[in-house]
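*Asks:* below is the structure, and that's it, no one-letter string:
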């Protein structure tokens with residue numbers, strides 16, 4: 001049966017897949033595909049997109065802080081493979097956070113900032129792959145009982161998925177996948193302070209987004225607004241003099 005759009009039109013499978021993605025995952029996936037398309041059409045070159053401290057902070061090319069996470073290579077089967085993994089695990093994490101743009105976008109800010117700080121020590125110019133590895137690791141640790149299949153031959157539980165991917169990368173390229181290892185380390189720090197640390201320390205969650213960040217996406221929380229109104233009423237009531245007793 002055809003799927004119908006709210007306006008009465010027919011939704012194609014690709015269109016449905018796109019609009020069903022949570023908003024942060026949707027636009028991150030779109031930006032990734034568009035970046036590769038711009039390179040393919042020769043509007044830009046990969047040399048204008050990678051991150052290096054000198055080009056960003058000495059030559060003021062600040063767009064590289066973002067484009068380094070968006071370029072996975074020219075349009076190819078390999079790109080489709082990366083986009084599939086990117087949107088799949090980003091979508092699962094964003095949906096598990098209550099489809100909250102604030103919480104998932106804060107995770108991306110944490111991961112991107114950490115990768116930018118560490119990249120000069122490992123000489124990695126494009127950081128999209130380690131960012132995907134970070135999300136993959138977090139999802140795998142939060143779903144320990146999920147069974148995974150590697151080409152229908154090897155079956156294993158989700159926590160082993162990052163290590164299987166690193167082993168595959170090592171076999172294919174013959175080098176230690178420093179980018180994926182870096183993503184695993186950053187992902188483990190996030191997982192520890194959001195899933196392991198809180199139950200041991202009275203629910204404290206040091207890596208949760210600050211309130212000002214939540215307000216950018218969600219507005220003022222209802223309880224905060226109600227408290228503010230009650231406080232204003234209390235102040236107004238205190239300002240009114242009591243009636244005189246005759």
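*Replies:* Nice, thanks for sending it over. Since we're looking at a predicted model, the values are computed, not measured.

*Asks:* who touches the strand or helix carrying residue 104?
*Replies:* If you go by DSSP states H and E, residue 104 is part of helix 101-122. Contacts with helix 101-122, where a contact means Cβ atoms under 8 Å, 6 or more residues apart in numbering, come from 22-25, 28, 51, 53, 65, 68-69, 90, 93-94, 97, 125, 127, 130-131, 134-135, 138, 178-179, 182-183, 186-187, 189-190, 207-209, 213-214, 216-218. From N, CA and C alone the C-beta is placed, and that goes for glycine too.

*Asks:* so which residue is dead centre in the chain?
*Replies:* When Cα atoms, centre = their mean is applied to the chain, the residue found nearest the centroid is residue 108 (3.9 Å).

*Asks:* quick check: which ranges of this structure have low pLDDT?
*Replies:* 1-12, 14, 98-99, 151, 220-246 (pLDDT under 70).

*Asks:* those helices in it, which residues are they?
*Replies:* Counting by DSSP state H, the chain has helices at residues 13-20, 23-40, 53-57, 64-67, 77-96, 101-122, 128-142, 161-173, 178-191, 197-200, 211-218, 222-239.

*Asks:* from these, which stretch is densest packed?
*Replies:* Most buried of the helices of the chain, by mean neighbour count (mean count of other Cβ atoms under 10 Å): helix 128-142, with a mean of 24.

*Asks:* so what's residue 138 up against?
*Replies:* 93, 107, 187, 190-191.

*Asks:* kindly provide the distance from residue 203 to residue 74.
*Replies:* Distance, residue 203 to residue 74, using Cβ to Cβ, to the nearest Å: 47 Å.

*Asks:* neighbour count for the two, which is higher?
*Replies:* Legend: neighbour count by other Cβ atoms under 10 Å for residue 203 and residue 74, higher for residue 74 (12 against 8).

*Asks:* and the more buried one, what does it touch?
*Replies:* 36, 39-40.

*Asks:* can you check residue 37 too?
*Replies:* Applying Cβ under 8 Å, 6+ apart to residue 37 gives the contacts residue 75.

*Asks:* let's see 10 Å
*Replies:* If you count contacts by Cβ atoms under 10 Å, 6 or more residues apart in numbering, residue 37 has them with 43, 74-75, 79.

*Asks:* before we move on, what about residue 33?
*Replies:* Taking Cβ under 10 Å, 6+ apart, we find residue 33 in contact with 70, 72, 75, 79-80, 83, 87.

*Asks:* try 7 Å
*Replies:* Residues counted as contacts of residue 33 (Cβ atoms under 7 Å, 6 or more residues apart in numbering) are residue 83.

*Asks:* where's it relative to residue 213, distance?
*Replies:* From residue 33 to residue 213 the distance is 27 Å (Cβ to Cβ).

*Asks:* what's the answer for residue 57, then?
*Replies:* 24 Å.

*Asks:* ditto for residue 155
*Replies:* Residue 155 sits at a distance of 40 Å from residue 213 (criterion: Cβ to Cβ).

*Asks:* now do residue 143
*Replies:* 26 Å.

*Asks:* over to residue 19?
*Replies:* Taking Cβ to Cβ, one finds residue 19 at 26 Å from residue 213.

*Asks:* could you do residue 207 as well?
*Replies:* Taking Cβ to Cβ as the measure, residue 207 falls 12 Å from residue 213.

*Asks:* tell me the contacts of residue 147?
*Replies:* Taking Cβ under 7 Å, 6+ apart, we find residue 147 in contact with 155, 157.

*Asks:* is it in a bridge, and if so with what?
*Replies:* Beta-bridge pairing for residue 147 (DSSP bridges): residue 157.

*Asks:* what's the neighbour count on residue 153?
*Replies:* For residue 153, using other Cβ under 10 Å, the count is 6.

*Asks:* correction: the previous question concerned residue 145.
*Replies:* 7.
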